[in-house]
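**Q** Predicted model follows, preceded by the sequence.
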Amino acid sequence: MLFHLVRHGEHALQGRIIAGRTSGIGLSPKGRAETAAVAERLARDKIDALYASPLDRTRETAAILADRLDLPVGIREDVNEVDFGEWTGLTFDQVRADKRWLPWQNCRSIAAIPGGESWRQVQDRTVGALFDLRRRHPEGTVVVVTHGDVIRAALLFVLGMPLDLYNRIEVGTGSISTIRIEENQIRVPALNERPRAPA
């Protein structure tokens, strides 16, 4: 069973604020181009199902993929963005000025976002989602359109890495990370694959 975990394309406020679960944030032109390239890449595989987080930027990404792959999109709350609680909508400078940022940045295994989730909660729901999807599609290839930290949480689990090493895994916008779940093993055949449209 194969998972392609796709991070949504660049969104309109990328790098400016912590968007978190804010509604109404769609893709930028660059994000739509990134997603079109991902769609072309995935069209080379036989994709059996397509799922997405409920946020606008993931739904827009999934709609572009669905159009190319001729698949419906299932929405799953359990692959939603991290709940950034009190930090949602703040600039990165504002969050870094909060003394509670350092524990979150440096020791995610025990830290939690004020008013939001812990990293362990994110990993638990993400891994639970993947294993539920595996039960539903035991022999298939499934695309899940989600968010960078959600993908990192899944990869840390699969690679057997501590939660505190999350920063060692790069997950760019419009990237594909692939997990293969077999009867007796789990593998990561691709990490942060960044398809690009022909110039």
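**A** Perfect, thanks for sending it. Numbering: from 1, shown residues only.
**Q** and for stretch 24-40, what are the contacting residues?
**A** With contact meaning C-beta atoms under 8 Å, 6 or more residues apart in numbering, stretch 24-40 is reached by 6, 8-14, 19, 55-57, 60-61, 64-65, 67-69, 173-176, 195-197. Where you see a C-beta, it was placed from the backbone N, CA and C, and this is true even at glycine.
**Q** try it again with 10 Å
**A** Residues outside stretch 24-40 that contact it (C-beta atoms under 10 Å, 6 or more residues apart in numbering) are 4, 6-14, 17, 19, 55-69, 143, 145, 172-176, 193-198.
**Q** PyMOL command to pick out the buried ones of those?
**A** Buried residues within the contacts of stretch 24-40, by 16 or more other C-beta atoms under 10 Å, are selected in PyMOL with:
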select buried, resi 4+6+7+8+9+10+11+12+14+17+19+55+56+57+58+59+60+61+62+64+65+66+68+69+143+145+173+174+175+176+193+195
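**Q** Narrow the contacts of stretch 24-40 to those in helices?
**A** Among the contacts of stretch 24-40, the ones falling in helices (DSSP state H) are 56-69.
**Q** Adding distance to residue 130 and pLDDT as columns, could you present those in JSON lines?
**A** Conversion of these to JSON lines gives the following (distance: C-beta to C-beta, whole Å; pLDDT from 0 to 100):
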{"residue": "56", "distance to residue 130": "23", "pLDDT": "97"}
{"residue": "57", "distance to residue 130": "21", "pLDDT": "97"}
{"residue": "58", "distance to residue 130": "16", "pLDDT": "98"}
{"residue": "59", "distance to residue 130": "20", "pLDDT": "98"}
{"residue": "60", "distance to residue 130": "23", "pLDDT": "98"}
{"residue": "61", "distance to residue 130": "18", "pLDDT": "98"}
{"residue": "62", "distance to residue 130": "17", "pLDDT": "98"}
{"residue": "63", "distance to residue 130": "22", "pLDDT": "98"}
{"residue": "64", "distance to residue 130": "23", "pLDDT": "98"}
{"residue": "65", "distance to residue 130": "18", "pLDDT": "98"}
{"residue": "66", "distance to residue 130": "20", "pLDDT": "98"}
{"residue": "67", "distance to residue 130": "25", "pLDDT": "98"}
{"residue": "68", "distance to residue 130": "23", "pLDDT": "97"}
{"residue": "69", "distance to residue 130": "20", "pLDDT": "97"}
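**Q** Redo these as TSV? Include distance to residue 44.
**A** Converted to TSV, the ones in helices among the contacts of stretch 24-40 look like this (distance: C-beta to C-beta, whole Å):
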residue	distance to residue 44
56	28
57	24
58	22
59	24
60	22
61	18
62	18
63	20
64	16
65	13
66	16
67	16
68	11
69	11
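**Q** which regions of the protein sit below the pLDDT cut-off?
**A** Within the chain, the stretches with pLDDT under 70 are 197-199.
**Q** hmm, who's touching the longest strand seen in it?
**A** The residue-count maximum for a strand in the chain (DSSP state E) belongs to strand 186-193. Outside strand 186-193, the residues within contact range by C-beta under 10 Å, 6+ apart are 1-2, 4-7, 38, 41, 130, 148, 151, 154-155, 157-160, 169-172, 174-181.
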